[in-house]
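> what would the 3D arrangement of this be:
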Amino acid sequence: MNIKTAGELMIPLDRYPHIPYWFTIREAIAIIHNSELVINGRKSLARAVLVFDREYRLLGMIRRRDILRGLDPEDSLHSRAKYSKRLFDVETDPNLLEMSYENLMSSVKENAVKLVSEIMQPIDHTVLYDDHILKVIHEMDALQTSVVPVMKDNAVVGVVRTIEVLNEVMNLLDI
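Sure thing, here's the model as predicted:
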């Protein structure tokens, strides 16, 4: 039984979406939307985009939820009125009722020109190309992430996603 390494499981960087830190949220959305991945005959969209600096050093990652957070009209959705009340353990924001759809959409459009560097999540951990699948599983679990960059010779060469790891586990279990 051949147990695979991160390098054998990874999607090569040239096939995985990545952008420079000066791109806007709008550009990141377009990259994710157009990044159909076909792995082992299965199609999927990327859940995250890697972010690099000018020297192609990895700075961070932008997940779909980071994009949504970046588009969120902060004045209305993140500010909490002093008199907000609890209703079924859900925080309510009375300011939402006062905002028009046009104002909300205008705010979303304004936020779409923010730089991705303002909303990206820094990447503190990676796996090495020769790391065993158990190390990959451990890192994903410890970091609570679905994408881990793969390094070889001090450079990012690809990413491993939970789906590739799960597919390999299924193969090992003969599922």
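
> all strands of this structure, in order?
Counting by DSSP state E, the segments of the chain that form strands are 11-12, 18-20, 36-39, 42-45, 48-52, 58-63, 86-87, 90-91, 121-122, 127-128, 147-152, 155-161.

> ok, residues contacting the first one?
Contacts of strand 11-12 with the rest of the structure, by Cβ atoms under 8 Å, 6 or more residues apart in numbering, involve 37, 39, 157, 158, 159, 160, 161, 164. Placement of C-beta: from N, CA and C, glycine included.

> go with 10 Å
For strand 11-12, the external contacting residues (Cβ atoms under 10 Å, 6 or more residues apart in numbering) are 17, 37, 39, 46, 147, 150, 157-161, 163-164.

> which two of those have the greatest separation?
Spatial extent of these (Cβ to Cβ) is set by the pair 157 and 163 at 18.7 Å.

> and residue 156, how far from residue 167?
According to Cβ to Cβ, to the nearest Å, residue 156 stands 22 Å off from residue 167.

> separation between residue 3 and residue 28?
Taken as Cβ to Cβ, the span from residue 3 to residue 28 is 35 Å.

> and the two? Which one has more around it.
When neighbours are counted by other Cβ atoms under 10 Å, residue 28 comes out ahead of the other of residue 3 and residue 28, with 26 against 11.

> pick out the shakiest of the strands of the chain, pLDDT-wise.
Among the strands of the chain, strand 86-87 has the lowest mean pLDDT, at a mean of 50.

> pLDDT value on residue 75, please?
45.

> which parts of this protein are helices?
Ranges of helices within the chain are 6-9, 25-33, 64-71, 74-77, 95-98, 101-111, 133-143, 162-172, based on DSSP state H.

> so who does the residue nearest to the spatial centre of the chain touch?
Residue closest to the mean C-alpha point of the chain, counted by Cα atoms, centre = their mean, is residue 63 at 2.2 Å. Going by Cβ under 10 Å, 6+ apart, residue 63 touches 32, 46, 47, 48, 49, 69, 119, 120, 121, 145, 146, 147.

> what's the spacing between residue 66 and residue 119?
Counting by Cβ to Cβ, the gap from residue 66 to residue 119 is 5 Å.

> residues that sit against both of these two, list them.
Joint contacts of residue 66 and residue 119 (Cβ under 10 Å, 6+ apart) are 25, 28, 60.

> just those residues now: which is nearest residue 115?
Minimum distance to residue 115 across the shared contacts of residue 66 and residue 119 is 7.9 Å, recorded for residue 25 (Cβ to Cβ).
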